[in-house]
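Novice: generate a structure from the sequence data that follows.
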Amino acid sequence: MKINLSMPKTRSWAFAGIVALVLGVLVLIDAGSVTPSSGLSAACRVEVTADTLNVRSRPDPGAPSTIVLRRGDLHGAETTVQNGYRQMTGGGWALDDFLRPLPGSKCAAQ
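Specialist: Model prediction:
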């Protein structure tokens with residue numbers, strides 16, 4: 001039995017290289033994109049500094065918790081702060097002491 005091995009034509013390798021390059025660029029672009037569900041397109045963007053941080057339905061420690069954020073989570077926020085709670089993009093309130101504005105964010109009350 002004879003096996004015939006042939007090398008792919010140079011055009012195939014060039015095409016594969018171009019496809020890989022385009023996909024690599026798209027991955028890099030996508031890695032820097034923001035997700036609207038976390039509100040990261042907001043002018044104020046914050047990072048959670050607590051191990052866990054409850055987002056509450058009202059700016060009140062007795063209000064029900066709607067979600068729990070974790071240390072390092074990035075989230076969109078508003079400039080509104082009441083009773084020490086910052087309003088989060090998409091609703092809810094989180095203790096402002098445990099939110100660090102990201103560089104370039106506009107989180108100061110206007």
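
Novice: all contacts plus neighbour counts: C-alpha atoms, from now on.
Specialist: Noted.

Novice: show me the strands in the chain, by range?
Specialist: 44-48, 52-56, 65-70, 74-82, 85-88, 93-95, 99-101 (DSSP state E).

Novice: for Ser12, find the nearest of these.
Specialist: With C-alpha to C-alpha as the measure, strand 74-82 is the member of the strands of the chain nearest Ser12 (42.2 Å).

Novice: can you give me the mean pLDDT across that closest one?
Specialist: Here strand 74-82 scores 94 as its mean pLDDT.

Novice: okay, buried residues for that strand please.
Specialist: 74-78, 81 (16 or more other C-alpha atoms under 10 Å).

Novice: nearest to Ala16, out of the strands of the chain?
Specialist: Ala16 lies closest to strand 74-82 among these, at 36.2 Å (C-alpha to C-alpha).

Novice: so what does the closest one touch, helix or strand wise?
Specialist: strand 44-48, strand 85-88 (3 or more C-alpha pairs under 8 Å, 6 or more residues apart in numbering; DSSP states H and E).

Novice: what stretches of this structure score poorly on pLDDT?
Specialist: Within the chain, the set of residues satisfying pLDDT under 70 comprises 1, 5-11, 13, 24-42, 109-110.

Novice: cutoff 90 now
Specialist: Along the chain, segments meeting pLDDT under 90 span 1-43, 90-91, 108-110.

Novice: list the contacts of stretch 57-73.
Specialist: Stretch 57-73 has contacts (C-alpha atoms under 8 Å, 6 or more residues apart in numbering) with 47-56, 82-87, 91-94.

Novice: could you find the closest non-adjacent residue to Arg45?
Specialist: Using C-alpha to C-alpha, 6 or more residues apart in numbering and skipping residues adjacent in sequence, the residue nearest Arg45 is Gly76, 4.5 Å away.

Novice: for the one you found, give its distance to Ala20.
Specialist: When C-alpha to C-alpha, to the nearest Å is the yardstick, Gly76 and Ala20 sit 33 Å from each other.

Novice: so what's Asp97 up against?
Specialist: Asp97 is in contact with Gly84, counting by C-alpha under 8 Å, 6+ apart.
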